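Peer 1: Sequence plus the predicted model coming up.
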2 protein chains.
Amino acid sequence: MDYDFNKWMSDYRVISTVGLNEEGGLDRLAFTDYDFAARTELLNRAYGLRLQCYLDAAENLWFSKPGTDPDLPPLLIGSHLDTVPNGGKYDGVLGVMAGFQVMRYLVDNKISHRRTVEMVAFSCEESSRFNLSTIGSKLACGFTTPEKLKNYKDSQGHTPVEFLARLRYSPESLEERREHLKNIYGFIELHIEQGPVLESAGTDIGIVESIAAPIRLKLDIIGHTDHSGACPMDLRHDALTAAAALITEIERLGREESVNKSVATVGKINVPHQALNVVPGRCEIFVDIRGIRRDSMERIRDGMRNFVCGLEKERGVKVEETLLSDESPVPLDHSLGEIIERNCRKTGLSCRWMPSGAGHDAMNVAKLAPTAMIFIPCVGGVSHSLLENVLEKDLRNSIRILYEVVMDICG
Amino acid sequence: MDYDFNKWMSDYRVISTVGLNEEGGLDRLAFTDYDFAARTELLNRAYGLRLQCYLDAAENLWFSKPGTDPDLPPLLIGSHLDTVPNGGKYDGVLGVMAGFQVMRYLVDNKISHRRTVEMVAFSCEESSRFNLSTIGSKLACGFTTPEKLKNYKDSQGHTPVEFLARLRYSPESLEERREHLKNIYGFIELHIEQGPVLESAGTDIGIVESIAAPIRLKLDIIGHTDHSGACPMDLRHDALTAAAALITEIERLGREESVNKSVATVGKINVPHQALNVVPGRCEIFVDIRGIRRDSMERIRDGMRNFVCGLEKERGVKVEETLLSDESPVPLDHSLGEIIERNCRKTGLSCRWMPSGAGHDAMNVAKLAPTAMIFIPCVGGVSHSLLENVLEKDLRNSIRILYEVVMDICG
């Protein structure tokens, strides 16, 4: 049974490559012309299937295929269509298109089901444009407001609110969506893993038990600028060598907490006014601590702070900390996960429970309704890159597991 | 006798602060508009004194005040006008302006001298922009060519050659300058010490016996880009944490060779496409190793290379090394130094012989003609920093000692 795979692929190729650039990456950033073009392609196909379509004031697209029993709360599936700059063909769009295929398969094959199946393509999931992630689902869930979003700007100074044309004539749609989400049976988001765990373990499907939350910090290390030739080693207060010691310690702390599935990363480093012949007097580093256990994340943060105290004394530098975000991990619904596990077993797919290191729209919905996530392996664990890739067998598995789970719940 | 100090200061304040930024530092990087503006200020003043002015194809500025005996080879004094990013008001420009004041004092007071006095403001002394130092004097001395310089690029991809407009119509001026330098009496460069030795010893003047040479390397660390939330610690090939380990080791090697007066510095670090939520896949660092003993410098370089081998195996990264420069320490002319010493004694200034940890244009000229350097204390030894400072008494001593030495040789 191939769930009309070839028909799916011909649509997948079109929608997943809207915004292709010369390098082969995708620039389908939220609320750009490419993003709107991809939604239009999806909408046209949904109209063709005579699905019920709905756009809320956050530009989230909702589709519905009513079941035979209108009293049963609907099941929602879906993900997002926008990409990071120079992104790949699977992050987000796979979850949307797998959901779409499940609905098309039901329509094309006139398969009857009792529970209504709904699908959503959330808007602006990636943080790349406005330095804030999951804007569409945050608005629909009531975790932010158009007013608050005016503080977030892209590199050209535009706020996300400028693109929400429907806000003017249907602002109530956001409150309506929040009420709706509180009353659904549950939400299932299918997504590529964006990490190497499934591939390296040879596992077909990941069932997400919890979505990691980030604690994000900026550390400014203030030492003393000196001439790299004329200042002896023992008279230096080098901000970069201090940062190097700190980066090494942050990695060590992250490794120590690996048993609790936490990670710690320094993703950005800046030495202002840097020059080959200058002992760096300042250095800033950005730290991203994630985990599914709050105590483990806090041990990394506290260990880092302890190390900083020693560093300041030992090297005569000063370290200033700025908290950028501090979120708590979001556990997902275990019963819904068990339904996924049961269907993996039924269809002969191997599966494992695992955390999601990356954030997703599911984080928001999980606070209103039972929520689960299905992970599919991606090649080399690569994501947020034009090199993002998924094997055909895993694409096939995506539709298969999602269809089976939907039918188990709604059939 | 104050050598028209106040007149000098009013000019010094103008020229030394061209390129002042909001923080109070100077951004007079080589071949920027600010750099050209500072030269123009100097040229205008030299024209006012009716000095003979000459610009060669390396954009070095040459000034000449003929002596009464044209058969005597001229004495050359000078330094450079460009700064590091966010640099100070004394590095380079003090030597140029002290030289200019000596010439102005001779003109204003109609002081006759037998030997011609020449002055030079070499272009692009700092390595900050193109990762190569003393480009102007290297070209004039014939130690590099415009062709070779095309391999050096600034952060925007510009090569130094793009700024050498005169190359098109007077390429022969470089060869001419080389012949000229071979035939001068000698070259004296006055400069701030850029280190803490003179100040902490309470000595007025340093006479440089030898200039430390840099070995400079760029190291490209190639790991693997991953999602900072989704990639577990043990599956990472983080280029930045690898760089941190390397920076720590380079510092350790530099400390170990401190007994031989060597130093090792990582002054620049770049993580391309860096983002808070991405495990860095690439990182480049720039290493500056200096000393007055070649064997000690080589031990640092070799130690670093050994460490890199281990790092590649241990962390699954690849490190590519590019040699940017590899120079040997340069001894200066002892007889010329003795003339400086004699004039210190005559004018009641304390002095000491010392090495220069920093590189200078004098390194290049020393290979063609007898060369000496005069060091002046700077506050706290601070240099290559907006905090660079020189006490007024030391500014006065700068002009005094330079004038007395020039008149001893040319009078």
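Peer 2: Yep, it's here.

Peer 1: Show me chain A divided up by domain.
Peer 2: Annotated domains of chain A cover A:5-211+A:329-410, A:218-326 [automatic domain parsing].

Peer 1: For those domains, give me JSON lines that also has distance to B:Arg299.
Peer 2: No exception for glycine: its C-beta is placed from N, CA and C like everyone else's. Below are these laid out as JSON lines (distance: least, C-beta to C-beta, whole Å):
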{"stretch": "domain A:5-211+A:329-410", "distance to B:Arg299": "40"}
{"stretch": "domain A:218-326", "distance to B:Arg299": "14"}
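
Peer 1: mind checking which of those is nearest B:Lys367?
Peer 2: Each of those has some distance to B:Lys367 by C-beta to C-beta; the shortest is domain A:218-326, at 18.7 Å.

Peer 1: Can you check which helix is longest in chain A?
Peer 2: Determined from DSSP state H, the single longest helix within chain A is helix A:294-315.

Peer 1: Report all helices and strands that it contacts.
Peer 2: Where contact means 3 or more C-beta pairs under 8 Å, 6 or more residues apart in numbering or on different chains; DSSP states H and E, helix A:294-315 is packed against strand A:213-222, helix A:239-256, strand A:282-291, strand A:318-326.

Peer 1: want to throw the domains of chain A into JSON lines with mean neighbour count?
Peer 2: Shown next, in JSON lines, are those (neighbours: other C-beta atoms under 10 Å in any protein chain shown):
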{"stretch": "domain A:5-211+A:329-410", "mean neighbour count": "20"}
{"stretch": "domain A:218-326", "mean neighbour count": "21"}
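
Peer 1: Tabulate the ones you listed (a markdown table), appending distance to B:Ile77 and mean pLDDT.
Peer 2: Output for the domains of chain A, formatted as a markdown table (distance: least, C-beta to C-beta, whole Å; pLDDT from 0 to 100):
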| stretch | distance to B:Ile77 | mean pLDDT |
| --- | --- | --- |
| domain A:5-211+A:329-410 | 49 | 95 |
| domain A:218-326 | 21 | 94 |
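
Peer 1: partner residues bridging the residue lying closest to A:Ala212 once chain neighbours are set aside?
Peer 2: Nearest non-adjacent residue to A:Ala212, counting by C-beta to C-beta, 6 or more residues apart in numbering or on different chains: A:Arg290, 4.1 Å away. As for beta bridges, A:Arg290 partners with A:Pro214, A:Val263 under DSSP bridges.

Peer 1: what separates A:Arg290 from A:Leu332, distance-wise?
Peer 2: Separation of A:Arg290 from A:Leu332 (C-beta to C-beta, to the nearest Å): 16 Å.

Peer 1: What ranges does the stretch 101-250 of chain A have for its strands?
Peer 2: Applying DSSP state E, counting those that start in this stretch to the stretch 101-250 of chain A gives strands spanning A:117-122, A:186-192, A:205-211, A:213-222, A:226-227.

Peer 1: what sits against the nearest residue to A:Pro272 once chain neighbours are set aside?
Peer 2: Spatial nearest neighbour of A:Pro272, chain neighbours left out: A:Arg282 (5.4 Å); criterion: C-beta to C-beta, 6+ apart. Listed by C-beta atoms under 8 Å, 6 or more residues apart in numbering or on different chains, the contact partners of A:Arg282 are A:220-223, A:225, A:239, A:271-273.

Peer 1: and what of A:Ile292?
Peer 2: Contact analysis of A:Ile292 by C-beta under 8 Å, 6+ apart lists A:209-212, A:260-262, A:329, A:331, A:355.

Peer 1: Recalculate using a threshold of 7 Å.
Peer 2: By C-beta atoms under 7 Å, 6 or more residues apart in numbering or on different chains, A:Ile292 lies in contact with A:210, A:212, A:261, A:329, A:355.

Peer 1: now, which of these sits nearest B:Asn44?
Peer 2: Using C-beta to C-beta, A:Ala212 comes nearest to B:Asn44 of these, at 63.5 Å.

Peer 1: pLDDT wise, what is that closest one at?
Peer 2: The score at A:Ala212 is 89. That number is its pLDDT.

Peer 1: Now it: phi and psi?
Peer 2: Note on A:Ala212: backbone dihedrals following degrees, to the nearest 10 are phi -60, psi 150.

Peer 1: number of nearby residues for it?
Peer 2: When neighbours are counted by other C-beta atoms under 10 Å in any protein chain shown, A:Ala212 registers 26.

Peer 1: Now do the contacts for it.
Peer 2: Here A:Ala212 is in contact with A:290-292, A:329, A:355-357, B:229 (C-beta under 7 Å, 6+ apart).

Peer 1: Please apply the same query to A:Ile250.
Peer 2: A:264, A:266, A:287, A:304.

Peer 1: The first one against A:Arg255, yeah?
Peer 2: No: at 8.4 Å, A:Ala264 does not count as touching A:Arg255 under the criterion of C-beta atoms under 7 Å.

Peer 1: Find the residue closest to A:Lys150 in space, skipping its chain neighbours.
Peer 2: Per C-beta to C-beta, 6+ apart, closest to A:Lys150 is A:Thr159, 5.1 Å.

Peer 1: tell me the contacts of the one you found?
Peer 2: For A:Thr159, the contacting residues are A:149-150, A:152-153, by C-beta under 7 Å, 6+ apart.

Peer 1: Tell me the spacing between it and chain B.
Peer 2: 20 Å (C-beta to the nearest C-beta, to the nearest Å).

Peer 1: Please apply the same query to A:Pro171.
Peer 2: According to C-beta to the nearest C-beta, A:Pro171 stands 32 Å off from chain B.

Peer 1: contacting residues for that residue?
Peer 2: Contacts for A:Pro171 (C-beta under 7 Å, 6+ apart) come out as A:Ala57.

Peer 1: What of A:Trp8?
Peer 2: A:Trp8 neighbours (C-beta under 7 Å, 6+ apart): A:101, A:399.

Peer 1: Check the secondary structure at it for me.
Peer 2: With DSSP: H, G, I helix; E, B strand; the rest coil as the basis, A:Trp8 sits in helix.

Peer 1: so how far is chain B from it?
Peer 2: On the measure of C-beta to the nearest C-beta, A:Trp8 and chain B end up 26 Å apart.

Peer 1: now A:Leu29
Peer 2: To chain B, A:Leu29 is 14 Å away according to C-beta to the nearest C-beta.

Peer 1: phi, psi of the closest residue to that residue other than its chain neighbours?
Peer 2: In space, not counting the residues next to it along the chain, A:Leu29 is nearest to A:Arg129; the distance is 4.9 Å by C-beta to C-beta, 6+ apart. Taking degrees, to the nearest 10, you get phi -80, psi -50 for the backbone angles of A:Arg129.

Peer 1: OK, contacts around A:Arg129?
Peer 2: With contact taken as C-beta under 7 Å, 6+ apart, A:Arg129 is in contact with A:29-30, A:154.

Peer 1: now these in a markdown table, with distance to B:Phe163?
Peer 2: Below are those laid out as a markdown table (distance: C-beta to C-beta, whole Å):
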| residue | distance to B:Phe163 |
| --- | --- |
| A:Leu29 | 37 |
| A:Ala30 | 42 |
| A:Asp154 | 35 |
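
Peer 1: which residue of chain A sits farthest from its center?
Peer 2: Outermost residue of chain A with respect to the C-alpha centroid, by C-alpha atoms, centre = their mean, is A:Ala230; its distance is 48.7 Å.

Peer 1: do you know which of the helices and strands packed on helix A:294-315 lies nearest B:Leu235?
Peer 2: helix A:239-256 (11.6 Å).

Peer 1: starting at the chain centroid, how far to the closest one?
Peer 2: Mean C-alpha position of helix A:239-256 versus that of the full chain (C-alpha atoms, centre = their mean, to the nearest Å) differs by 26 Å.

Peer 1: so how far is B:Val317 from the residue of the stretch 301-411 of chain A found nearest chain B?
Peer 2: The minimum distance from the stretch 301-411 of chain A to chain B, using C-beta to the nearest C-beta, falls at A:Gly357 (3.2 Å). A:Gly357 sits 21 Å away from B:Val317, going by C-beta to C-beta.

Peer 1: And for A:Glu118?
Peer 2: Per C-beta to C-beta, A:Glu118 is found 46 Å from B:Val317.

Peer 1: Having no further points to raise, I will conclude here.
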